[in-house]
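1. need the 3D shape of this:
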Amino acid sequence: MTIDREVISRDIDLLERLGTGLNSPRRGMDGGDDGDLGSLLARLDPGSRAMVRQVVQRLIQAPGVPAAVDPLSGSSLPDLIPSWANHLKYEGKSPETIKIYGLYVSELLAEIAAPTPIQIDTYLGSKASAGSGPRSIGSRISAYRSFYGYLEEVGLISGDPTKHLKTPRMPYRQRNVPSAGALRKVLNSSHANARDRAQVMLMAGCGLRVSELVGIRIRDLVLDLRHGNVTVIGKGNKQRTVPMVQQAAEAVVFYLVEREADSKWLFPGHKEQHLHIRTVNDRLQQLSVAESVPTIRPHDLRHYFASALLNAGVSLLIVSRLLGHSSPAITARSYWHLTEEGALRSAIEEHNPLIELMDGDP
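-> This next block holds a predicted model:
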């Protein structure tokens with residue numbers, strides 16, 4: 001095949017200009033430039049993507065270019081994981097999600113270089129037989145779908161071997177909700193400091209995730225001793241503002257008065273970073289042990305918040321918005337035992353079958 005060197009030179013210049021223009025302001029996950037083909041394509045409009053794919057195909061067929069650099073080669077799939085990880089970062093996926101997704105896909109490709117739909121089914125079956133539950137299998141399926149969906153979207157593969165996969169139905173499970181008495185003991189503990197109390201109040205009084213808690217900056221707070229608001233970044237990089245009740249606002253104000261660190265973070269950690277999630281979890285565990293109450297985890301405080309509101313009759317839609325769920329259906333699945341019990345009780349009280357029996361004539 002004859003390749004016009006002038007066309008090749010123009011193509012290379014075009015890719016370099018596109019890469020420089022799109023990627024120079026941003027850095028990759030490891031601190032390097034994320035100017036790989038996959039990240040570039042993911043941020044172009046469909047027309048530009050098609051054009052770039054044609055350019056790359058011409059470059060691949062040029063004399064002197066080894067086949068090993070062909071992005072459509074099945075053997076190169078593991079090399080595309082970093083590009084996909086950058087794409088997930090731009091989509092707002094949490095570092096924890098990106099890490100576990102990458103692990104699942106790496107494990108699959110280490111076992112099967114270029115898996116077919118049947119091979120993926122067999123592989124998942126072996127994981128289930130080895131003891132992986134529905135949630136673990138569902139997470140693996142989500143990772144595979146995301147990886148191959150991304151590769152197909154940017155034109156690096158021509159067919160997605162995961163399109164047939166369906167997420168297994170998750171079993172309903174009741175949430176671990178600490179009692180008010182246990183929380184009272186932790187808050188009043190002689191071992192608890194102002195920071196501990198502020199953190200517990202924000203999670204139990206505002207329904208924050210621990211990742212949202214540690215990510216609060218001073219500028220995200222609007223408060224006085226009576227009430228306030230806190231703005232957090234939740235899952236999917238979505239921002240929401242949550243009202244702060246008086247007790248939580250007071251706890252935060254008292255903590256700020258005692259705080260010595262000069263930091264943009266409400267809860268500063270080491271080297272100008274925010275406090276690590278593990279530190280919050282460890283402190284709660286220590287306080288639980290000190291007060292001889294069942295171990296309280298950060299997410300249990302979020303469940304305490306949601307359960308208290310639902311038990312008080314607050315609508316599912318409002319609770320869902322306060323929790324930052326993308327849909328009330330997620331809230332309903334998480335707290336089905338409360339919503340179902342409340343609906344059943346309301347139905348019986350509104351249509352009491354014994355009223356006519358007791359009030360009727362003998």
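2. going by C-alpha atoms from here, please, whenever you check contacts or count neighbours.
-> Fine.
3. in contact with the closest residue in space to residue 326 that isn't next to it in sequence, which residues are there?
-> Spatial nearest neighbour of residue 326, excluding adjacent residues (Cα to Cα, 6 or more residues apart in numbering): residue 320 at 7.8 Å. Contacts for residue 320 (Cα atoms under 8 Å, 6 or more residues apart in numbering) come out as 326-328, 330-331.
4. nearest to residue 90 among those?
-> residue 326 (18.1 Å; Cα to Cα).
5. what's the neighbour count on the closest one?
-> 13 (other Cα atoms under 10 Å).
6. kindly report the same for residue 95.
-> 13.
7. buried sites along stretch 198-218?
-> 198-217 (16 or more other Cα atoms under 10 Å).
8. repeat that for stretch 148-162.
-> 148-151, 153-157, 160-162.
9. not counting the host helix or strand of residue 198 itself, show me its contacts.
-> For residue 198, the enclosing helix or strand under DSSP states H and E is helix 194-206. Residues outside helix 194-206 that contact it (Cα under 8 Å, 6+ apart): 187, 208-210, 213, 242-245, 247-248, 251-252, 254-255, 258, 267, 283, 298, 301-305, 322.
10. mind listing which of those residues are in strands?
-> 242-244 (DSSP state E).
11. any chance of those in CSV with distance to residue 275 and pLDDT as columns?
-> CSV is the format used below for the ones in strands among the contacts of helix 194-206 (distance: Cα to Cα, whole Å; pLDDT from 0 to 100):
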residue, distance to residue 275, pLDDT
242, 21, 92
243, 23, 91
244, 21, 90
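12. using a markdown table, lay out those together with distance to residue 125.
-> Listed next are these as a markdown table, based on distance: Cα to Cα, whole Å:
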| residue | distance to residue 125 |
| --- | --- |
| 242 | 43 |
| 243 | 46 |
| 244 | 47 |
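13. rewinding a little: just the buried residues of the contacts of helix 194-206.
-> By 16+ other Cα under 10 Å, the contacts of helix 194-206 give 187, 208-210, 213, 242-245, 247-248, 251-252, 254-255, 267, 283, 298, 301-305, 322 as buried.
14. what helices or strands is the host helix or strand of residue 90 leaning on?
-> Using DSSP H and E, the element containing residue 90 is helix 81-91. Judged by 3 or more Cα pairs under 8 Å, 6 or more residues apart in numbering; DSSP states H and E, helix 81-91 is in contact with helix 37-42, helix 95-111, helix 134-153.
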